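# Starting from these lines, generate the structure:
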Amino acid sequence: MIVSPEAAAKSLLNAAAVRERAHAMLALGERLPNFRVDLRRLDDTAQLVIDTTRAAYPSLDVPFHSRWRHFDIDGFDYWNEIDKAVVWPSPAEKARTAFDLAIVSVLLDAGAGPSWRFRYPVSGETIGRSEGLALAGLVMFRNCEFSMWPSRPLRVDASVLADLTEAKLIRGFQVSDDNPLLGVAGRADLLWRLGRTVAAAPDIFAREDTPRPGGLFDHLAAIADSKRIAAPVILSELLAHLGPIWPSRLSLGGVALGDCWRHPALQTDDQTTGLVPLHKLSQWLAYSLIEPLQWAGIEVTDIDGLTGLAEYRNGGLFVDTGVLTLRDPAAMEREHGVASELVVEWRALTVALLDRLAEIMRTRLNMDRRALPLAKILQGGTWTAGRAIAKQLRPDGGPPLKIVSDGTVF
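Numbering: from 1, shown residues only. Predicted coordinates:
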């Protein structure tokens with residue numbers, strides 16, 4: 001059967017494609033050009049993640065890994081503070097607001113770098129990395145920086161994003177020569193593209209309001225079957241309708257492939273040969289939209305249909321515990337772009353190894369996929385263990401590999 005280039009491209013815009021190609025990469029084994037894989041070490045890594053999870057969640061009642069966890073800092077939940085103070089006119093409006101915040105916050109959530117910190121104006125507390133990024137974005141959101149209505153600060157309007165400047169983001173995130181943030185221009189460009197994409201699709205983003213990212217809630221609610229929607233469907237809709245926001249990288253048949261890269265070792269017999277989809281930020285966003293949908297009374301099924309996240313905390317965990325080792329140790333000292341063969345290989349292996357690790361953990365804990373989906377393993381979990389071991393091994397707590405990022409990948 002002849003498949004059009006457009007159809008071939010769309011076959012990569014889903015979680016199943018990410019999982020399939022990641023496991024194909026792992027199956028290459030000794031033919032991998034950049035990494036050796038020692039699956040014998042995966043047992044010890046799984047135990048480290050179990051111990052880390054039990055330390056944080058003794059009852060193993062683990063919440064989902066999502067942006068909402070980063071608003072809970074040192075025991076104080078900044079989103080919950082807002083939620084309790086607002087009299088929501090309807091569950092749907094709360095969900096739209098939460099979608100607005102989650103979408104913008106996730107798109108601003110690429111690695112901050114080791115030096116950047118955000119000073120919370122109320123308490124004077126300074127916070128870095130993902131939590132600092134989350135809080136900085138939340139403060140801008142709360143302060144009406146993304147709304148066109150002074151009387152309605154808790155919203156994000158497409159028209160405001162479409163006029164967003166890098167200078168505004170620099171001010172909001174307190175960036176300076178002494179407080180550098182990686183990829184500021186890339187982050188600002190993502191929000192600028194988001195505004196234009198949302199404004200151009202009123203049938204998706206303006207069903208019940210003027211164009212806003214949170215309008216995606218109404219679209220998902222409309223396609224939910226009897227108030228039930230599968231998590232992979234959320235991702236597919238995100239990739240379909242927010243695809244234009246990503247910087248121009250690879251495309252096929254006129255379709256932008258987003259977080260998808262080339263690796264010559266991954267060969268197929270069709271037009272997608274050599275292509276490795278990962279969709280990290282889009283999957284992170286899909287995970288982060290689950291709870292707002294649940295708050296609105298929509299059941300989210302097949303949560304484990306999403307994959308683990310191909311980012312440097314999870315990937316760093318496997319390098320730092322010896323599951324992955326570089327064939328060329330000197331590569332540890334060089335900088336690598338996100339499109340490099342080495343980084344693409346590392347990220348794909350991370351996705352497949354997270355599945356393998358999850359199987360070991362579920363067996364040891366006598367839990368199934370429903371009780372312990374990847375969304376909880378990541379939270380409990382691999383992300384936390386990856387951060388902790390990085391801090392033990394490196395003064396700045398950064399990843400084991402030197403990655404050059406523009407703030408739009410991870």
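# Read off the pLDDT value for Met1.
We have a pLDDT of 65 for Met1.
# can you map out the strands along this structure?
Under the criterion DSSP state E, strands of the chain are mapped to 35-37, 72-73, 76-77, 117-119, 126-128, 228-230, 251-252, 255-256, 260-262, 275-277, 299-301, 324-326, 335-337, 402-404.
# closest to Asp61 out of those strands?
Comparing the strands of the chain against Asp61 with Cβ to Cβ, the closest turns out to be strand 72-73 (15.0 Å). C-betas here are computed from N, CA, C, even on glycine.
# Ala21: neighbour count?
One correction, residue 21 is Arg, not Ala. 23 (other Cβ atoms under 10 Å).
# The nearest residue to Arg369 once chain neighbours are set aside: how many residues sit nearby?
Nearest residue to Arg369 in three dimensions, chain neighbours excluded: Asp304, at 4.6 Å (Cβ to Cβ, 6 or more residues apart in numbering). For Asp304, the neighbour count with other Cβ under 10 Å is 20.
# Please apply the same query to the one 5 residues further on.
Leu309: 26 surrounding residues under other Cβ under 10 Å.
# residues contacting it?
65, 280, 283-284, 350-351, 354, 378, 383, 410 (Cβ atoms under 8 Å, 6 or more residues apart in numbering).
# tell me the centre residue of the protein?
Centroid-nearest residue in the chain: Trp284, 2.7 Å away (criterion: Cα atoms, centre = their mean).
# for the protein, which spans come out with low pLDDT?
The chain contains residues with pLDDT under 70 at 1, 248, 406-410.
# any idea which helix is longest in it?
Using DSSP state H, we find that the single longest helix of the chain is helix 341-365.
# got the buried residues for that one?
341-358, 360-362 (16 or more other Cβ atoms under 10 Å).
# and what of stretch 170-181?
Buried-residue list, stretch 170-181, by 16+ other Cβ under 10 Å: 172-175, 181.
# Stretch 81-95 too?
Buried, per 16+ other Cβ under 10 Å, within stretch 81-95: 82, 92-95.
# Stretch 288-296 now?
Across stretch 288-296, burial judged by 16+ other Cβ under 10 Å covers 288-293, 296.
# Pull the contacting residues for Asp218.
Here Asp218 is in contact with 92, 96, 207-209 (Cβ under 8 Å, 6+ apart).
# ok, of those, which come out buried?
92, 96, 208-209.
# Tell me how many other residues crowd Val323.
Neighbours of Val323 (other Cβ under 10 Å): 24.
# these two touch, right, it and Arg36?
No - if you go by Cβ atoms under 8 Å, Val323 and Arg36 don't touch, sitting 9.5 Å apart.
# tell me the contacts of Leu191?
Leu191 neighbours (Cβ under 8 Å, 6+ apart): 104, 107-108, 161, 164, 169.
# could these go into TSV alongside neighbour count?
Shown next, in TSV, are these (neighbours: other Cβ atoms under 10 Å):
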residue	neighbour count
Val104	24
Leu107	25
Leu108	25
Leu161	25
Leu164	20
Leu169	23
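# And Ala46, how far from Ser226?
Taking Cβ to Cβ, to the nearest Å as the measure, Ala46 falls 37 Å from Ser226.
# Repeat that for Leu324.
To Ser226, Leu324 is 43 Å away according to Cβ to Cβ.
# Also His263?
Distance from His263 to Ser226, by Cβ to Cβ: 41 Å.
# neighbour count winner among those two?
The neighbour comparison of His263 against Ser226 (other Cβ under 10 Å) goes to His263, with 23 against 7.
# how about the contacts of Leu309 in CSV, adding distance to Ala240?
Below are these laid out as CSV (distance: Cβ to Cβ, whole Å):
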residue, distance to Ala240
His65, 23
Lys280, 17
Gln283, 14
Trp284, 17
Thr350, 25
Val351, 21
Leu354, 25
Leu378, 24
Trp383, 27
Phe410, 21
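# My guess is Pro153 contacts Met140. True?
No - between Pro153 and Met140 there is no contact under Cβ under 8 Å: 10.0 Å.
# Neighbour count: the two, which is higher?
Legend: neighbour count by other Cβ under 10 Å for Pro153 and Met140, higher for Met140 (21 against 14).
# contacting residues for the nearest residue to that one once chain neighbours are set aside?
Closest residue to Met140 apart from its sequence neighbours, by Cβ to Cβ, 6+ apart: Gly172 at 4.3 Å. Taking Cβ under 8 Å, 6+ apart as the criterion, Gly172 is in contact with 136-137, 139-140, 145.
# roughly how far apart are Gly172 and Glu166?
Look at Gly172 and Glu166: by Cβ to Cβ, they are 11 Å apart.
# repeat for Asp177
For Asp177, the distance to Glu166 - Cβ to Cβ - is 15 Å.
# Enumerate every residue touching the residue lying closest to Leu252 once chain neighbours are set aside.
The shortest distance from Leu252 to any non-neighbouring residue, by Cβ to Cβ, 6+ apart, is to Ala9 (3.8 Å). By Cβ under 8 Å, 6+ apart, the contact list for Ala9 reads 251-255, 257, 272.
# I'd say Met25 and Arg347 touch.
No - contact criterion Cβ under 8 Å: Met25 and Arg347 do not qualify, at 9.3 Å.
# okay, and the common contacts of those two?
In contact with both Met25 and Arg347: Val276, using Cβ under 8 Å, 6+ apart.
# Asp44: what's it in contact with?
Taking Cβ under 8 Å, 6+ apart, one finds Thr321 in contact with Asp44.
# how far away is Ala375 from Ile245?
24 Å.
# that older thread, among the buried residues of stretch 81-95, name the ones in helices.
Using DSSP H, these in helices are 82, 92-95.
# from those, which is closest to Asn14?
Ala95 (23.6 Å).
# Could you measure from the closest one over to Val139?
22 Å.
# Touching, the residue nearest to Arg369 and Pro373? I think so.
Yes - using Cβ under 8 Å, Asp304 is in contact with Pro373, at 4.1 Å.
# ok, back up a step: include distance to Leu13 when you put the contacts of Ala9 into CSV, please.
Output for these, formatted as CSV (distance: Cβ to Cβ, whole Å):
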residue, distance to Leu13
Ser251, 12
Leu252, 10
Gly253, 12
Gly254, 13
Val255, 8
Leu257, 7
Thr272, 11
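# And for Leu324, the neighbour number?
By the measure other Cβ under 10 Å, the count of residues near Leu324 is 24.
# My read is that it contacts Arg36, right?
Yes - Leu324 lies in contact with Arg36 (Cβ under 8 Å); the separation is 7.3 Å.
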